[in-house]
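Enquirer: Sequence first, then the predicted structure:
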Amino acid sequence: MKRRAVDPVAEAAAAAALLPHLPKTEILARYRAAKGNEIASGKLASERSSAALAANTFGLFINRPADLPALPNWEGSWQPATSVLPEVELRFPWRGGLHPWLDAVIATGTHLIGVESKRYEPFDRRVADGKPPFSDAYWRDVWGNAMGPFEWLRDGLAKKPLLFAHLDAVQLVKHAFGLRTQAKARGKAPVLAYVYAEPKAWPLPAGRAISSEARAQHAEEVRWFARMAAGAEVLFVSFTYSELLAAFSGSLVADVREHSALVRGAFDC
C-alpha cells in the first residue's frame, strides 16, 4: 500500500483538535493509519464533523480500557472493556470492495461493540445521488440465520435509501453486517451503538439554529430504526452524548469524571 505523505499543517490542526490531557500520539496514529483520510482532509479538525467529538470522547481509554464506564441503556451486566480503539475497520467475509469503518470499537470479555458517532451530520440535507445504496455483495448468503431484521432493512432501503430524513440507516445496516462478521470470528456477541449529539446551532460562521423539531425527528427516527432492527443477532442500542458523558460523570475514577466535564466544555453536544 502506498504510504500517504504527511501534511504538517493538517497534522498540527488535528493535534490541536484533541484535548490536552488525551494520549494524542496514540489517537493520531489510529487516524493516520485509517483509510478515511480524516487528518489530511481536515475532517478530524472540522467543527462540523463528529470525528473530533468521537476521538476526544473515546480516546482517553486507548491505554486504559478498563476505566470506560458502562454504556448507557446497556442491558445485563457490564464486563470491563479490554480494548477501546478509535477508527476501526470491520471487514465483511470477503476480500475485495469497501468495508465499514466504525468511529470506535470496544471489546469486552463477552461483547464486540461498534460505535457510530454523529454530531451535525444528521442535520445536513440528504440528497439521493442515484447510486445503489448496496452493492450486489450484500445479498450473499453469509449473514447467518439471525440477521433477518437487518436484511429486511437492507431490502427496504435498497428501494428507498432516503426513507429516513435524518438517520443514515444505510450506513448502520452496513456496519451491522461488518460487526456481525467480526464478532462471530472472535466468539463475541455483537452490539451496534449509535451515539449522537444534539447541537442547537451550526458552528460559526454560519451559526444558524438547528430547530428542536429537527432534533426531535432525528431522535424519533433512531427509535424507529431500533424497533425495525429488534431481534437481530446484532443488538442495536442508542444514546446521546449527553447521556454518555453523564455516565462518565458517575465514574469512580476522578480523571474520568474530569474528562467528562472537559469534553462537555469543549463541544456543543
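Expert: Noted; the coordinates are in hand. No experiment lies behind these values; they were computed from the predicted model shown.

Enquirer: Kindly export whichever strand or helix holds Lys184 (C-alpha atoms) in CSV.
Expert: Per DSSP states H and E, Lys184 falls inside helix 169-186. C-alpha atoms of helix 169-186 as CSV (Å, rounded to 0.1, in the frame of the first residue of the first chain):
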residue,chain,number,x,y,z
ALA,A,169,-29.9,3.9,8.0
VAL,A,170,-27.9,2.5,5.1
GLN,A,171,-24.7,3.1,6.9
LEU,A,172,-26.0,1.5,10.0
VAL,A,173,-27.1,-1.6,8.1
LYS,A,174,-23.6,-1.9,6.6
HIS,A,175,-22.0,-1.5,10.0
ALA,A,176,-24.2,-4.2,11.4
PHE,A,177,-23.1,-6.7,8.8
GLY,A,178,-19.5,-5.9,9.3
LEU,A,179,-19.9,-6.1,13.1
ARG,A,180,-21.6,-9.4,12.9
THR,A,181,-18.8,-10.8,10.8
GLN,A,182,-16.0,-9.8,13.1
ALA,A,183,-17.9,-10.6,16.4
LYS,A,184,-18.5,-14.1,15.0
ALA,A,185,-14.9,-14.6,14.2
ARG,A,186,-13.9,-13.5,17.8
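
Enquirer: same for the next helix or strand after that helix, what does it pack against?
Expert: Downstream of helix 169-186, the first helix or strand assigned by DSSP H and E is strand 189-196. For strand 189-196, the elements it packs on are strand 111-118, helix 169-186, helix 212-229, strand 235-240, helix 241-249, judged by 3 or more CB pairs under 8 Å, 6 or more residues apart in numbering; DSSP states H and E. Any C-beta I mention is one placed from the backbone N, CA and C, and that applies to glycine too.

Enquirer: make it 7 Å
Expert: strand 111-118, helix 169-186, strand 235-240, helix 241-249 (3 or more CB pairs under 7 Å, 6 or more residues apart in numbering; DSSP states H and E).

Enquirer: Any idea which of those gets closest to Phe134?
Expert: helix 169-186 (7.2 Å; CB to CB).

Enquirer: what about the nearest residue to Ser83 once chain neighbours are set aside, distance to Pro161?
Expert: Using CB to CB, 6 or more residues apart in numbering and skipping the chain neighbours, the partner closest in space to Ser83 is Ala107 (4.2 Å). Distance, Ala107 to Pro161, using CB to CB, to the nearest Å: 31 Å.

Enquirer: buried sites along the helix holding Lys184?
Expert: 169-170, 172-184 (16 or more other CB atoms under 10 Å).

Enquirer: what does that helix rub up against?
Expert: 90-93, 99-100, 102, 112, 114, 116, 133, 138, 143, 147, 150, 153-154, 157, 161, 163, 189-190, 192, 194, 225, 233-234 (CB atoms under 7 Å, 6 or more residues apart in numbering).

Enquirer: Please apply the same query to stretch 188-195.
Expert: Counting by CB under 7 Å, 6+ apart, 71, 110-117, 172, 175-176, 179-180, 183, 222, 233-239, 241, 244 sit against stretch 188-195.

Enquirer: Just the buried ones from these?
Expert: 71, 111-117, 172, 175-176, 179-180, 183, 222, 233-239, 241, 244.

Enquirer: all helices for the stretch 51-200 of the chain, in order.
Expert: Here the stretch 51-200 of the chain has its helices, by DSSP state H, counting those that start in this stretch, at 51-58, 148-159, 169-186.

Enquirer: could those be laid out in CSV, adding mean pLDDT and distance to Ser83?
Expert: Below are the helices of the stretch 51-200 of the chain laid out as CSV (pLDDT from 0 to 100; distance: least, CB to CB, whole Å):
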stretch, mean pLDDT, distance to Ser83
helix 51-58, 96, 11
helix 148-159, 97, 24
helix 169-186, 97, 11
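
Enquirer: Out of those helices, the one nearest Glu26 is which?
Expert: Of the helices of the stretch 51-200 of the chain, the one closest to Glu26 (CB to CB) turns out to be helix 51-58, at 10.7 Å.
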